[in-house]
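Trainee: pasting the structure only:
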């Protein structure tokens, strides 16, 4: 269900992506809590860095909120060394409940709107993620379980680039793909 | 002891995913500590927001935020809490952060930027 690479995460990381932890199970609260506990061990206790674990928390909670609980979901934590610094990638794939596809599509459209907002928030040639985050935090929009895009901006603020999210039309039904790459706190 | 309507003193025990929340009227201090990563933050924070609604405007209150992690849905609820407390004339938020945790400092600065409440930033020395 959960497998962890017990080797030292850094400096043993290579320049290509290495799998550090993987999850392949039903996304029940108990399973995801166990996953979070294992991932905390990988990224906080061995890296002493909370930024990466904060990204992990959001990604695991994406599964908790949006995954079909009756079908298996996958999450992978990968690491590599980039110019001597550790980088991490978190990827998840989960089935979507049929009755929630429209809602998920709406979220993805909203992320598209957020991506458009990043263009207008350029400051000195760079996206002003912090202003965008404050704007989303103070927005009245929200869903019963979340912050209506705040998680995406929150991840983007500290990630190498904006998180990637899309629907995959697999043979066994639609799935949500999510990927984000984060570096440790500088 | 000052009581706030039907709420009075408040204590919510911590869990692995939710913070400890303590209020004792004699200390005039509301303390949130631990981690706040519940699946449904709105449900978790509802009683605290209801409680905050009953605080008299002239009551002196210090809110100490000593959170290690919070998810984005909790961050919206924290903003709701600060906004409800904005009406208090004598309120201070003390935002604790580890010296090596600049993301937590930034999170406090973001609230300070949005709400009309004085924030004091308290750096915790990890070696202490």
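Mentor: All right, it came through fine. What you see is a predicted model; the values in this text were computed from it and never measured. Numbering: from 1, shown residues only, chains lettered A, B, ... in the order given.
Trainee: residue ranges with poor pLDDT in chain A?
Mentor: Low-confidence segments of chain A (pLDDT under 70): A:6-12, A:45-48, A:119, A:121-125, A:141-148, A:186.
Trainee: can you pull out the strands in it?
Mentor: With DSSP state E as the criterion, chain A has strands at A:2-4, A:18-25, A:73-82, A:85-95, A:122-123, A:126-127, A:164-170, A:173-183.
Trainee: ok now the third one, how far from the chain's centre?
Mentor: Remark: strand A:73-82 is offset 11 Å from the chain centroid, using CA atoms, centre = their mean, to the nearest Å.
Trainee: how big is the angle separating it from strand A:18-25?
Mentor: With axes from the mean of the first three to the mean of the last three CA atoms, to 10 degrees defining the directions, strand A:73-82 sits at 170 degrees from strand A:18-25.
Trainee: which outside residues touch strand A:73-82?
Mentor: Here strand A:73-82 makes contact (CB atoms under 8 Å, 6 or more residues apart in numbering or on different chains) with A:9-11, A:13-27, A:35, A:39, A:42-43, A:56, A:59-60, A:63, A:67, A:86-95, A:183. Quick note: C-beta positions are derived from backbone N, CA and C, even for glycine.
Trainee: just the buried members of these?
Mentor: A:9-10, A:13, A:17-18, A:20-23, A:25, A:27, A:35, A:39, A:42-43, A:56, A:59-60, A:63, A:67, A:86-95, A:183 (16 or more other CB atoms under 10 Å in any protein chain shown).
Trainee: surely residue B:106 is in a strand?
Mentor: No - counting by DSSP: H, G, I helix; E, B strand; the rest coil, residue B:106 is not found in a strand; it is helix.
Trainee: which ones are touching it?
Mentor: By CB under 8 Å, 6+ apart, the residues touching residue B:106 are residue A:130.
Trainee: excluding covalently adjacent residues, which one is nearest to the residue nearest the centre of chain A?
Mentor: Centroid-nearest residue in chain A, with CA atoms, centre = their mean: residue A:59, separated by 3.6 Å. In space, and not counting its chain neighbours, residue A:59 is closest to residue A:90: 4.6 Å by CB to CB, 6 or more residues apart in numbering or on different chains.
Trainee: the one you found contacts residue A:61, doesn't it?
Mentor: No - counting by CB atoms under 8 Å, residue A:90 sits too far from residue A:61 to count as a contact (11.8 Å).
Trainee: what about the helices in the chain?
Mentor: Going with chain A. Assigned by DSSP state H, chain A shows helices spanning A:29-40, A:50-66, A:101-120, A:129-137, A:150-158.
Trainee: sorry, should have said chain B
Mentor: Assigned by DSSP H, chain B shows helices spanning B:41-53, B:72-85, B:102-114.
Trainee: same for the longest one, what does it pack against?
Mentor: Where contact means 3 or more CB pairs under 8 Å, 6 or more residues apart in numbering or on different chains; DSSP states H and E, helix B:72-85 is packed against helix A:129-137, helix A:150-158, helix B:41-53, strand B:60-70, helix B:102-114.
Trainee: run the chain-centre distance for it.
Mentor: That offset, for helix B:72-85, works out to 8 Å (CA atoms, centre = their mean).
Trainee: contacts only, for residue 101.
Mentor: In the absence of a named chain, this looks at chain A. Taking CB under 8 Å, 6+ apart as the test, what residue A:101 contacts is A:167, A:174.
Trainee: actually it's chain B I care about, not the one you picked
Mentor: A:50, A:185.
Trainee: give me the distance between the closest residue to chain A within chain B and residue A:58.
Mentor: In chain B, the residue that lies nearest chain A is residue B:72 (4.3 Å; CB to the nearest CB). Residue B:72 is 7 Å from residue A:58, where distance means CB to CB, to the nearest Å.
Trainee: give me the more crowded residue out of these two.
Mentor: Each of residue B:72 and residue A:58 has its neighbours counted (other CB atoms under 10 Å in any protein chain shown); residue B:72 has more, 26 against 22.
Trainee: surely that one and residue A:150 touch.
Mentor: Yes - contact criterion CB under 8 Å: residue B:72 and residue A:150 qualify, at 4.4 Å.
Trainee: re the thing from before, now render the strands of chain A as JSON lines, adding distance to residue B:108.
Mentor: Output for the strands of chain A, formatted as JSON lines (distance: least, CB to CB, whole Å):
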{"stretch": "strand A:2-4", "distance to residue B:108": "33"}
{"stretch": "strand A:18-25", "distance to residue B:108": "30"}
{"stretch": "strand A:73-82", "distance to residue B:108": "28"}
{"stretch": "strand A:85-95", "distance to residue B:108": "25"}
{"stretch": "strand A:122-123", "distance to residue B:108": "22"}
{"stretch": "strand A:126-127", "distance to residue B:108": "22"}
{"stretch": "strand A:164-170", "distance to residue B:108": "28"}
{"stretch": "strand A:173-183", "distance to residue B:108": "21"}
